[in-house]
Structures are given as C-alpha cells and as structure tokens.
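>>> structure here, sequence nowhere to be found:
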C-alpha cells in the first residue's frame, strides 16, 4: 500500500501545477481521458481560419503557439484566437534552429514574442514551445530565466511533412494518442492537411471518450503571468 501511495504521489507531482519555472512537459497525467490539441506556426489568413472555425463548430478549446514575426501583420487573427477561448502562446520570434544559439539570443527571441502577444491580448504567456522541439541547455536556461515552462509533445502525426497523406497522419495520431496526450499539429500557410486530418480525428477521439482541453487544464498550470 505504501509503495502504491508513493507512486501515486510522484505521478501527481509530475503532472500537476508547476511550482517553479523551467519545467518541461511532454504530456499530462494518465488518470483521466483528457487530451490537448496544440497548433504551431501561425498566425495566418488561410489554414488558421479554417481550423478556428472547425474548433468553434465542435466546441473545442485548444492551444496555439504563434511565431512572433507572423504576429505583427496578423493581429486580428491573434485576437480572434484568444477571443474564441483558446490559449495564445509563444513559439519564438523567428522560428530559427536554436541548436547553437546562446542563452541571450534565445531570451531575446522569447521576450520579443511575449511583448507582441501581450500587446494584443493583455496577457504574457508562461508556456513556450521551442522551434523543432530543440531543447538545449541554453534553451532551458533562457526559459527558466524568463520564468516560463517548456511544452513539447508525445503525439506527432507529422502533418508538417508534405510526404504524408491525411490518412497516414490520422493513423499515426490514433496509435500514439493516450490519456493525457499533448498532440502536435500545425497551422501552416496555404496548407490544409491538419484541417483535413482534424475532421477525421475529432469524431474518432470522441468515440474513444476523450475530452479536449487546453494545456493549462491538462497540466494544471497557469498559461499567463499574473
């Protein structure tokens, strides 16, 4: 009994609210059938709008990691995403490969994007997704210095891969998804693969009794600074 209680305590501490900055999340807890849809790379006038409309029709709330350089000319899309009840989060300013970047360079990229976001929605994100999932020592130090957490994923249907068909993307996601999954998808300009896959996946996930939630609910963290 003591062993079971110890394991349960470790599990709870690993998936509930983060008590300090610099935490790294790949998924939430497995006790409940909750999953989080997350979308990288927007905003834009094409695929983002279609996905937002679909999510609204299906009454699903999701989490969007936006690129800072895309935000400047797409403020209305950012505001609409937020007003629809989704999380608007940080995916760096330039979406560069930060494998060899210094801590200072990464801090600048994150803070610049946070400023663009807070200027539009009035809130500063605490959740950051590094481009390509690159998570070097400098990325970790930068994020911790700013007081944010890193969000990665445990489901990737490769909707970003132009060689993958919608059917292949759907099958990959079906196989990888489990309780607490953080699902990686994209809103890339003029590319509708994610949208088409979602139209198949949403009813499938509901048939499996999954509940769609935002990252703050899945991970029990604050998505914005107080």
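Yep, that arrived. Bear in mind that the values here come from a model prediction, so they are computed numbers and not experimental data. Numbers count the residues shown, from 1 in each chain.

>>> was I right about residue 58 contacting residue 199?
No: applying Cβ atoms under 8 Å as the test, residue 58 and residue 199 come out as separate, 9.5 Å apart. The way it works is simple: take the backbone N, C-alpha and C, and place the C-beta from them, glycine included.

>>> so residue 106, which state does it fall into?
Secondary structure assignment for residue 106 (DSSP: H, G, I helix; E, B strand; the rest coil): helix.

>>> what segments of the chain are strands?
For the chain, the strands defined by DSSP state E cover 24-25, 34-40, 63-66, 87-90, 127-128, 149-151, 155-156, 182-186, 211-212.

>>> give me the beta-bridge partners of the residue nearest in space to the middle of the chain?
Among the residues of the chain, the one closest to the centroid is residue 38, at 3.8 Å (Cα atoms, centre = their mean). For residue 38, the beta-bridge partners under DSSP bridges are residue 63, residue 184.

>>> residue 63 is in contact with that one, correct?
Yes: when contacts are counted by Cβ under 8 Å, residue 38 is listed as touching residue 63 (4.7 Å).

>>> please enumerate the shared neighbours of those two.
151, 215 (Cβ atoms under 8 Å, 6 or more residues apart in numbering).

>>> export the strands of the chain as CSV, with columns for mean pLDDT and distance to residue 163.
Converted to CSV, those look like this (pLDDT from 0 to 100; distance: least, Cβ to Cβ, whole Å):
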stretch, mean pLDDT, distance to residue 163
strand 24-25, 98, 29
strand 34-40, 98, 18
strand 63-66, 98, 23
strand 87-90, 98, 28
strand 127-128, 98, 29
strand 149-151, 98, 26
strand 155-156, 98, 14
strand 182-186, 97, 15
strand 211-212, 98, 28
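
>>> I'd like those strands as TSV, with distance to residue 143 appended.
Formatted as TSV, the strands of the chain follow (distance: least, Cβ to Cβ, whole Å):
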stretch	distance to residue 143
strand 24-25	9
strand 34-40	16
strand 63-66	13
strand 87-90	10
strand 127-128	6
strand 149-151	6
strand 155-156	21
strand 182-186	17
strand 211-212	26
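
>>> ok, which of those strands comes nearest residue 106?
strand 127-128 (9.6 Å; Cβ to Cβ).

>>> helices or strands next to that closest one in the packing?
strand 87-90, strand 149-151 (3 or more Cβ pairs under 8 Å, 6 or more residues apart in numbering; DSSP states H and E).

>>> so which of the ones you listed is the most packed in?
strand 87-90 (a mean of 26; mean count of other Cβ atoms under 10 Å).

>>> hmm, who's touching it?
With Cβ under 8 Å, 6+ apart as the criterion, strand 87-90 contacts 61-66, 68, 78, 81-82, 110, 113-114, 117, 120-121, 125, 127-129, 148, 151, 214-216, 223.
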